[in-house]
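>>> Pasting a predicted model and its sequence here:
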Amino acid sequence: MPDSQYVIAAVLVAAAVTWALRALPFAALMALRDSTTVQYLSTRMPAGVMLILVVYCLRDLPLTHTRSLATAAALAVTVGLHLWRRNALLSILGGTAVHVALASTVLAR
Amino acid sequence: MRIRSTVVDRESATPPNARAAFKDSLGVGLAFVPLGLAFGALVTQSDLPWWWAGLSAALVFAGSFEFLLIGLVIAAAPLAAIALSAFLVNVRHVFYALSFPLHRVNGRLGKVYSTYALCDEAYALTTDEQARSWPSPRILWLQFSLHLYWVGGSTAGALLGSLIPDSVTGLDFALTALFAVLALDAVRNLRGDLPTPALALLSALAARLLCPDQLLLAAFALFTAGLLTRRLTTRREPSHA
């Protein structure tokens, strides 16, 4: 087990960098808030950002491996449930349950 | 009398705002619990102390990076390497400043906390159409609820991690499901503006093929550049925004 001082320092460094990235851009961008181009970007960015994050989560999926079937099925369940019921909690729990069930049993590596 | 009571309601609306924020946070936020359980369980499975999961969850509060941080810490990576990885994985947050409603958050301390707890999910929920009328306390309570779910889930996962059999895997899918749900809601807010999601997917796939090591950074940069190009070339048409 790594020593406590190091594991705490690692968290502090990561926290400082993360906060700087979250806070400092506001100072730089405040002046641009009224720009119509920034408004154009800001209405379209949330959807794009979330889609990119989905792809990021799936980046290491081995497409030729049967294990990726568990992810594909779980994603289909998540999206299907969400289009049907529009209940975020239900969609997420349903998809995750399907993934855990498949990845732990029939499609275990 | 009636006028006065509405003024008082607006001024000291903390409890109703807290309750509303808690409700807003439930759908997305509760996904933090299975995810936090997975994170905490991974922490103890990696031979790190259980309290480290809660510490990281409370201080870093950037789920996807924290999963990576476990690997870096057990490999005893230099602090400079940890700083660089944190920068590369979390640099996407600079784009959030474009639309996160920080101008609606009151007070210096409020703004400090709001930027501190500006996770992807807080960004997604507060930039949603229905969030346009949310006052400062409602935004802050929402962020605090998300923070609590994450810390609670992670700590519980670390403490109970040894109880989950090793054969049970795949809880980490909660993160994918979470972003998929947030993406569906955000795309619905675009009201038929399909080129935007198409551009985002193309940017992500291009980044995946061209520079898989820097997928997030490359995809966000391509997407932003693509939107700007589209804005410049279609400027004469009336804006949908």
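Nice, I can see it.
>>> Which positions in stretch B:155-175 come out as buried?
Judged by neighbour count using 16 or more other CB atoms under 10 Å in any protein chain shown, the buried positions of stretch B:155-175 are B:155-159, B:161, B:164, B:169-175. In this view, the C-beta of every residue, glycine as well, is placed from N, C-alpha and C.
>>> Please disregard the earlier target; I meant stretch B:203-221.
Within stretch B:203-221, the residues scored as buried using 16+ other CB under 10 Å are B:203-204, B:206-208, B:215-221.
>>> where does chain B have low pLDDT?
B:1-14, B:236-241 (pLDDT under 70).
>>> So what's the residue count around residue 77?
With no chain named, the answer covers chain A. 18 (other CB atoms under 10 Å in any protein chain shown).
>>> hmm, I had chain B in mind actually
If you count neighbours by other CB under 10 Å, residue B:77 ends up with 16.
>>> repeat for residue A:87
15.
>>> returning to that earlier point: check the buried residues of stretch B:203-221 against chain A, which are close?
B:203-204, B:208, B:215-216, B:219-220 (CB under 8 Å from any CB of the partner chain).
>>> related to what we said a few turns ago, between the buried residues of stretch B:203-221, which sits nearest chain A?
The closest of those to chain A turns out to be residue B:204 (CB to the nearest CB; 3.7 Å).
>>> If you drop the residues flanking it in sequence, what lies closest to residue A:94?
residue A:81 (4.8 Å; CB to CB, 6 or more residues apart in numbering or on different chains).
>>> can you narrow the buried residues of stretch B:155-175 to ones near chain A?
Near chain A, by the rule CB under 8 Å from any CB, you find B:169-171, B:173-175 out of these.
>>> And chain B, is the least confident helix or strand in chain A by mean pLDDT touching that?
Lowest by mean pLDDT, DSSP states H and E among the helices and strands of chain A is helix A:36-57, with a mean of 87. Yes. Remark: helix A:36-57 sits within contact range of chain B at A:36-57, by CB under 8 Å from any CB.
>>> one step back: would you check that the residue nearest to residue A:94 makes contact with residue A:89?
No. Counting by CB atoms under 8 Å, residue A:89 is not a contact partner of residue A:81; they are 10.2 Å apart.
>>> Compare these two (neighbour count), which wins?
residue A:81 (21 against 16).
>>> From residue B:173, how far out is that one?
14 Å (CB to CB, to the nearest Å).
>>> what residues are shared contacts of the two?
Residues touching both residue A:81 and residue B:173 (CB atoms under 8 Å, 6 or more residues apart in numbering or on different chains) are residue A:95.
>>> in the longest helix anywhere in chain B, what counts as buried?
Longest helix of chain B, by residue count under DSSP state H: helix B:136-160. Under the neighbour-count criterion of 16+ other CB under 10 Å, helix B:136-160 has B:136-159 buried.
>>> tell me the secondary structure for residue B:174?
Here residue B:174 is helix, with the state taken from DSSP: H, G, I helix; E, B strand; the rest coil.
>>> quick one, domains of chain B?
Taking automatic domain parsing as the domain assignment, the record places the domains of chain B at B:16-172, B:190-241.
>>> Helices of chain A, residue ranges please.
For chain A, the helices defined by DSSP H cover A:4-29, A:36-57, A:67-85, A:88-104.
>>> my bad, chain B
Under DSSP H, chain B gives helices at B:2-11, B:14-29, B:32-45, B:50-59, B:63-74, B:79-90, B:108-116, B:120-126, B:136-160, B:173-189, B:195-210, B:215-233.
>>> Please convert these to CSV, extending it with distance to residue A:9.
Below are the helices of chain B laid out as CSV (distance: least, CB to CB, whole Å):
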stretch, distance to residue A:9
helix B:2-11, 43
helix B:14-29, 29
helix B:32-45, 17
helix B:50-59, 11
helix B:63-74, 10
helix B:79-90, 6
helix B:108-116, 19
helix B:120-126, 26
helix B:136-160, 19
helix B:173-189, 26
helix B:195-210, 32
helix B:215-233, 25
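>>> The residue nearest to the spatial centre of chain B: what's it in contact with?
The geometric centre of chain B, computed from its C-alpha atoms, lies nearest to residue B:120 (CA atoms, centre = their mean), at 1.8 Å. Going by CB under 8 Å, 6+ apart, residue B:120 touches A:49-50, A:53, B:64, B:179, B:182.
>>> which one of the residues you listed is nearest residue A:102?
residue B:179 (19.6 Å; CB to CB).
>>> and the closest one, how many neighbours does it have?
Neighbours around residue B:179, by other CB under 10 Å: 27.
>>> just the one 5 residues further on next, same as before
Counted by other CB under 10 Å, the residues lying close to residue B:184 total 20.
>>> repeat for the one 5 residues further on
Residue B:189 sits with 15 neighbouring residues when counted by other CB under 10 Å.
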